[in-house]
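S.K.: based on what follows, work out the 3D shape:
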Amino acid sequence: MATTLTNQLQPLKGVRVLSLCLNLPGPAALMRCRQMGASCVKLEPPAVAGSASGASGDPMGSYNRLAYETLHKDIRVVVADLKSDRGQKALHLELAKANVLLTSFRPSALKKLGLEWKALHKIYPAMSQVAIVGAPGARAEEPGHDLTYLAENDLVNSLELPPTLYADMGGSLVACEAVLKAVLMQRMGKGRYIEVALSEAAAYLALPRVWGLTQAGAAVGGGHAGYRVYECKDGRVAVAALEPHFAAALCAAAQIKYQNILTMLSPQTQQLIARYMKRMMREELEALATEKDIPLRTLAA
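M.R.: Model prediction:
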């Protein structure tokens, strides 16, 4: 499970991030901030009365305990009911020490909790806020989740659910970027408010589709014979032989004469490669990939 950074750079070392976020996008952003060296604290509500022992007030703790524990590794979690005087006191004790506040409430909820940016900035002028919302600006009060933001951006193409939570995880990375921006801008001595919209994260992920790159029949939308998923004898194989030298190696293995890109855009080439793959076992294809330097990955049926 790859949840750590690929190097030891810690650009947020010495930065204190306070999160009030529940579910996935905010906690995933906080996890990433922690991996970048930030000192992270999360305030979460008490568990619902009657919950199992050890239950969390964050719904993710009930949905998937592994996810919750991974997201909160090395993060100090403080239980606080922000609707109570005691919870507000705990909140402001943490706010006084924070460089960046991370939220994921709708604007109306922030107002009820006394967390509107104008009021916060007056009390804590050096602190920044990264506010994760569903949709930007005037649409921030609209209800929605990952699935609706993907649908809005033409990323739900069947009755099957998408294989992962693209808008949530994409939004978490944009939120991390916003934390980094806020820290850089704080060097001028003033906190900043930065809004991150999950719908805009989904729109960013959808750009290759908007440009036509992944539309049906386009080069990486099934039109290129070297960039497809094929059946093999005991499963499937995902092939990504886009560059000419990879495409030529794939064609040579399938005994197809490769000339140029037009060879790979030919339906006949697709048919020939499909027949070749159908005869091959996964083990044979993996050996071929290593021997001939062809980018492919086999999958179970």
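
S.K.: quick check: bridge partners of V100?
M.R.: Applying DSSP bridges to V100 gives these bridge partners: V17, S128.

S.K.: going forward, the N-terminal residue is numbered 549.
M.R.: Sure, I'll start numbering at 549, so the last one becomes V648.

S.K.: ok, now which ones touch it?
M.R.: 563-566, 675-678, 727, 730-731 (CB atoms under 8 Å, 6 or more residues apart in numbering). The way it works is simple: take the backbone N, C-alpha and C, and place the C-beta from them, glycine included.

S.K.: now the terminal residues of stretch 749-766, how far apart.
M.R.: Terminal residues of stretch 749-766 lie 23 Å apart, using CA to CA, to the nearest Å.

S.K.: which residues sit against it?
M.R.: 694, 697-698, 700-703, 714-715, 718-719, 721-722, 767-771.

S.K.: which among these count as buried?
M.R.: Buried subset of the contacts of stretch 749-766 (neighbour count, 16 or more other CB atoms under 10 Å): 694, 697-698, 700-701, 703, 714-715, 718-719, 721-722, 767, 769, 771.

S.K.: export the contacts of V648 to JSON lines and tack on pLDDT?
M.R.: Compiled in JSON lines, those are given as follows (pLDDT from 0 to 100):
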{"residue": "V563", "pLDDT": "97"}
{"residue": "R564", "pLDDT": "98"}
{"residue": "V565", "pLDDT": "98"}
{"residue": "L566", "pLDDT": "98"}
{"residue": "M675", "pLDDT": "97"}
{"residue": "S676", "pLDDT": "97"}
{"residue": "Q677", "pLDDT": "98"}
{"residue": "V678", "pLDDT": "98"}
{"residue": "V727", "pLDDT": "98"}
{"residue": "A730", "pLDDT": "96"}
{"residue": "V731", "pLDDT": "96"}
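
S.K.: in the protein, which residue is most central in space?
M.R.: Centroid-nearest residue in the chain: M717, 1.8 Å away (criterion: CA atoms, centre = their mean).

S.K.: show me what secondary structure element comes after the helix or strand that residue falls within.
M.R.: For M717, the element it lies in under DSSP states H and E is helix 714-733. Later in the chain than helix 714-733, the nearest helix or strand by DSSP H and E is strand 741-745.

S.K.: got a list of contacts for that following strand?
M.R.: Residues from elsewhere that reach strand 741-745 (CB under 8 Å, 6+ apart): 665, 669, 676-685, 688, 719, 722-723, 726, 729-730.

S.K.: pLDDT weak spots in this structure?
M.R.: 549-555, 597-603 (pLDDT under 70).

S.K.: and it, what are its domains?
M.R.: Domain ranges of the chain: 564-757, 767-847, per automatic domain parsing.

S.K.: redo these as JSON lines? Include distance to L557.
M.R.: Shown next, in JSON lines, are the domains of the chain (distance: least, CB to CB, whole Å):
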{"stretch": "domain 564-757", "distance to L557": "8"}
{"stretch": "domain 767-847", "distance to L557": "28"}
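
S.K.: just the CA trace of the helix holding M717, in CSV.
M.R.: The C-alpha coordinates for helix 714-733 follow below in CSV (Å, rounded to 0.1, in the frame of the first residue of the first chain):
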residue,chain,number,x,y,z
TYR,A,714,-11.1,10.0,-8.0
ALA,A,715,-12.6,13.4,-7.1
ASP,A,716,-11.9,12.8,-3.4
MET,A,717,-8.3,11.7,-3.8
GLY,A,718,-7.7,14.3,-6.5
GLY,A,719,-9.2,17.0,-4.3
SER,A,720,-7.0,15.9,-1.4
LEU,A,721,-3.9,16.5,-3.5
VAL,A,722,-5.1,19.9,-4.6
ALA,A,723,-5.7,20.7,-0.9
CYS,A,724,-2.1,19.7,-0.1
GLU,A,725,-1.0,22.0,-2.9
ALA,A,726,-3.1,24.7,-1.3
VAL,A,727,-1.4,24.1,2.1
LEU,A,728,2.0,24.5,0.5
LYS,A,729,0.8,27.7,-1.2
ALA,A,730,-0.6,29.1,2.0
VAL,A,731,2.7,28.4,3.9
LEU,A,732,4.7,30.2,1.1
MET,A,733,2.4,33.2,1.2
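
S.K.: contact partners of it?
M.R.: 559-560, 563, 565, 571-574, 576-577, 580-581, 584, 586, 647-648, 650, 676-678, 680, 694, 697-698, 703, 739-740, 742, 744-750, 752-753.
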